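Student: Sequence and predicted structure, then a few things I'm wondering about:
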Amino acid sequence: MNGSRCTGAPAAGGRFTTPALAALVALAALAAFSPSLGHGFVWDDKILIPPPGAAPAPSEIFLSPVDRLYRPVRTLSFLLDGALGAGAPAAYHAASVALHAAVSTLLFVFILALASRPRPAFLTALLFAVHPLNAETVSWVSGGRADLLSALFFVLALIFAARFSRAGGTALAAAAACFAAALLSKENAVALPAVALAVAPLMPRAEERRRIFIAAALFTAVLGAYMHLRFNVVGPARQVFTYHGGTPAATLLTTSTVWVSYAREALVPRGLCPVYTVEIHRGFSPQVALSVVLIASAAAAAAAGLIRGRTWGFGLAWFIAALLPVSNIIPIGALKADRFMYLPLIGILIFISFAFDALAARSAAALRRPSAAAPAHAAALAALLVVFLPSLFRLVPVWKDGLALWSHAVECAPSSWIAHNNLGAEYLRRGDGNLALSSFQKAAALNPRSERVYSNLAEVHGRNADYVTALEYLRKSLALNPDNPAALFRAGFALEKL
């Protein structure tokens, strides 16, 4: 590790104490996302959030998947929000904002304990607290809650593991319990054993490194127990999606380009959208070749940094390890989503902050002006905030309600049939049949193989008592899926009205 360990003494040139810096991080996170407290429910919220007063039995929570997902801690958090807030959306949003503030603050605590460098630790945590990539995770209750909880327990597990490495004792049991909670929040926490191993090269003493290896071994055992439980509850076949592009090769080639786009958006978060249209690559195109070279270079740099005991190398290792579970090696439902970056983003921000810290220190030493490092950090923070904050302030209101969300989605992803279809559904819910019809027609033109769009078009015409046209669309929907119960019911109803 670089420098002496900080234990709460004045930091950042003596201007702020460690608790003060931690409080600033928490306040920044709370202020950045406080507008979401006035938001409603959007997208899958009403499907995934259990209604207040309808709490399932504990056996059902821990022994039954929800929408093919096994995330019981998320379900428990929703039940707590519902009980405390009587089902009001504000209670759920307040919990999400508070969780994000807690993750940001604990991140500062962990990095400071690990590296004893207050300025880059503060820079990492503050940028994470206000990063636009986190807007989806924090502002969308059902979509982001699992990531928030998983990251919270993930960072706590690392804090306890680091404490165990220095002093031994019961901290190891606490680390294992936090890892179990992270896994039961979201499966992307499987990256923790690898991230824990990456901590070891930063430890100055052999005994500390040995204890980190013990912690990583225990994490691996906990992961094995979790996988056994998960496969018994969910089953190995119930979570399997088809490969994007039809083959594992096409999925992995495409994923390489997604990784590079994530890294770019971490630095310059422009063009963020709730619906991404990712170009499928089935061959080794120039874009894929460049992406593979960049990823290989990042992996080599991470290895070199860890060998030299550099915290920026640890950040790159975190980024790579945390991205692997959402990289469709085992197919998941989407190629890309901002919420997939919540945990990996921590790693890339550690890399950026500590690489800049090293460069600033080297430049200050070359100039023989050690005090020049502090203004350099302040300038870097100001520059990044100028880039980040406008995007954040644009994105948080997008999640206010369904109309705001899908209007933005159509604007940023005009070729997405899902965006047009969901905007049409929102118009239909609000009783605006003409705008709904226009949106559904655009969706059908973009994807003429969607049974859902044809069923929605039939719904619009049925509400207008145009049952002949409704039947035409229902026939198209049933031709694509003869067993669609909603389409069958609507067809029967339309025939009865003719």
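Tutor: Now that the structure is in, tell me what you want to look at.

Student: Name the residues of the helix or strand hosting residue 306 that come out as buried.
Tutor: Assigned by DSSP states H and E, residue 306 belongs to helix 286-307. Within helix 286-307, the residues scored as buried using 16 or more other Cβ atoms under 10 Å are 288, 291-292, 295, 298, 301-302, 305-306. Backbone N, C-alpha and C define where each C-beta goes, glycine included.

Student: Please apply the same query to stretch 448-459.
Tutor: Buried-residue list, stretch 448-459, by 16+ other Cβ under 10 Å: 450-459.

Student: can you check stretch 310-327 too?
Tutor: Neighbour counts over stretch 310-327 (16+ other Cβ under 10 Å) mark 310-323, 325-327 as buried.

Student: Looking at the residues you listed, which are in helices?
Tutor: Using DSSP state H, the members of these that fall in helices are 311-323.

Student: List just the nearest of the residues you listed to residue 250.
Tutor: Nearest to residue 250 among these is residue 323, at 18.5 Å by Cβ to Cβ.

Student: Which strand or helix spans the nearest residue to residue 79 once chain neighbours are set aside?
Tutor: Nearest residue to residue 79, sequence neighbours excluded (Cβ to Cβ, 6 or more residues apart in numbering): residue 55, at 5.2 Å. Residue 55 is part of no helix or strand, with elements assigned from DSSP H and E.

Student: tally of neighbours for residue 55?
Tutor: Residue 55 has 17 neighbours, counted by other Cβ atoms under 10 Å.

Student: for it, phi and psi?
Tutor: Backbone torsions for residue 55, taken as degrees, to the nearest 10, come to phi -70, psi 130.

Student: my guess is it contacts residue 78, does it?
Tutor: No - if you go by Cβ atoms under 8 Å, residue 55 and residue 78 don't touch, sitting 9.7 Å apart.

Student: Would you map the helices across the stretch 101-250 of the chain?
Tutor: With helices called from DSSP state H, counting those that start in this stretch, the stretch 101-250 of the chain shows them at 118-129, 135-139, 141-167, 171-185, 192-199, 206-233, 248-267.

Student: Give me the contacts around the second one.
Tutor: Helix 135-139 is touched from outside by 33, 36, 39, 93, 96-97, 100, 143-144, 147-148, 272, 274, 337-339, 342, 392, 395-396, 398-399, with contacts defined as Cβ atoms under 8 Å, 6 or more residues apart in numbering.

Student: Over to the fourth one?
Tutor: Outside of helix 171-185, the residues that reach it under the criterion Cβ under 8 Å, 6+ apart are 70-74, 146, 149-154, 156-158, 160-161, 163-164, 189-190, 192, 211, 214-215, 218-219, 222-223, 225-226.

Student: give me that answer again for 6 Å
Tutor: Outside helix 171-185, the residues that touch it by Cβ atoms under 6 Å, 6 or more residues apart in numbering are 72-74, 146, 149-150, 153-154, 156-157, 160-161, 163-164, 189, 192, 215, 218-219, 222, 226.

Student: and it, how far out from the chain's middle?
Tutor: Between the mean C-alpha location of helix 171-185 and the chain-wide mean there is a distance of 19 Å, by Cα atoms, centre = their mean, to the nearest Å.

Student: mind listing what's buried in it?
Tutor: Those would be 171-172, 174-176, 178-185, for helix 171-185 by 16+ other Cβ under 10 Å.

Student: Dump the residues you listed into TSV; add distance to residue 133 and pLDDT as well.
Tutor: Below are these laid out as TSV (distance: Cβ to Cβ, whole Å; pLDDT from 0 to 100):
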residue	distance to residue 133	pLDDT
171	31	92
172	33	94
174	30	95
175	27	96
176	30	96
178	24	97
179	24	97
180	27	97
181	24	97
182	20	97
183	23	97
184	25	96
185	19	96
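
Student: what would these look like in CSV with distance to residue 129?
Tutor: Shown next, in CSV, are the buried residues of helix 171-185 (distance: Cβ to Cβ, whole Å):
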residue, distance to residue 129
171, 26
172, 29
174, 25
175, 24
176, 28
178, 21
179, 24
180, 26
181, 22
182, 20
183, 25
184, 25
185, 20
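
Student: nearest to residue 127, of the residues you listed?
Tutor: Looking across the buried residues of helix 171-185 and measuring by Cβ to Cβ, the closest to residue 127 is residue 182, at 22.4 Å.

Student: In this protein, what helix or strand scores lowest on average pLDDT?
Tutor: Using mean pLDDT, DSSP states H and E, the weakest-scoring helix or strand in the chain turns out to be strand 10-11, at a mean of 42.

Student: The helix or strand following that one - what's its average pLDDT?
Tutor: Using DSSP H and E, the helix or strand that directly follows strand 10-11 along the chain is strand 16-17. If you average the pLDDT over strand 16-17, you get 76.

Student: Any idea how far apart the tips of stretch 187-206 sit?
Tutor: End-to-end distance for stretch 187-206, by Cα to Cα, to the nearest Å: 32 Å.

Student: which outside residues touch it?
Tutor: 1, 150, 154, 161, 179, 182-183, 209, 212, 215-216, 219-220, 306, 309, 314, 317-318, 321-322, 325-326.

Student: Now it: buried residues?
Tutor: Those would be 187-203, for stretch 187-206 by 16+ other Cβ under 10 Å.

Student: how about the helices in the stretch 301-450 of the chain?
Tutor: Under DSSP H, counting those that start in this stretch, the stretch 301-450 of the chain gives helices at 311-323, 342-366, 373-395, 402-412, 417-429, 433-446.

Student: So which of those helices is nearest residue 89?
Tutor: helix 402-412 (12.3 Å).

Student: quick check: angle from that closest one to helix 433-446?
Tutor: On the basis of axes from the mean of the first three to the mean of the last three Cα atoms, to 10 degrees, helix 402-412 is oriented at 40 degrees to helix 433-446.

Student: Please give the centre-to-centre distance between helix 402-412 and its chain.
Tutor: Distance, centroid of helix 402-412 to centroid of chain: 20 Å (Cα atoms, centre = their mean).

Student: now do stretch 26-34
Tutor: 18 Å.

Student: contact partners of it?
Tutor: 97, 100-101, 104-105, 126, 129-130, 138.

Student: just curious, which of those is nearest to residue 266?
Tutor: Set against residue 266, the nearest of these by Cβ to Cβ is residue 130 (13.1 Å).

Student: Could you tell me how far that closest one is located from residue 389?
Tutor: 6 Å (Cβ to Cβ, to the nearest Å).

Student: So the two - more neighbours on which side?
Tutor: Relative neighbour count places residue 130 above the other of residue 130 and residue 389, with 22 against 14, counting by other Cβ under 10 Å.

Student: I'd like the helices of the stretch 101-250 of the chain as JSON lines, with distance to residue 44 appended.
Tutor: Shown next, in JSON lines, are the helices of the stretch 101-250 of the chain (distance: least, Cβ to Cβ, whole Å):
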{"stretch": "helix 118-129", "distance to residue 44": "25"}
{"stretch": "helix 135-139", "distance to residue 44": "13"}
{"stretch": "helix 141-167", "distance to residue 44": "5"}
{"stretch": "helix 171-185", "distance to residue 44": "17"}
{"stretch": "helix 192-199", "distance to residue 44": "27"}
{"stretch": "helix 206-233", "distance to residue 44": "21"}
{"stretch": "helix 248-267", "distance to residue 44": "22"}
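
Student: Those: which one's closest to residue 46?
Tutor: helix 141-167 (8.4 Å).

Student: Now do residue 275: how many residues are near it, please.
Tutor: Going by other Cβ under 10 Å, the residues that sit close to residue 275 add up to 21.

Student: Use 349 as the first number for this chain going forward.
Tutor: In the new count, where the first residue is 349, that last one comes out as residue 623.
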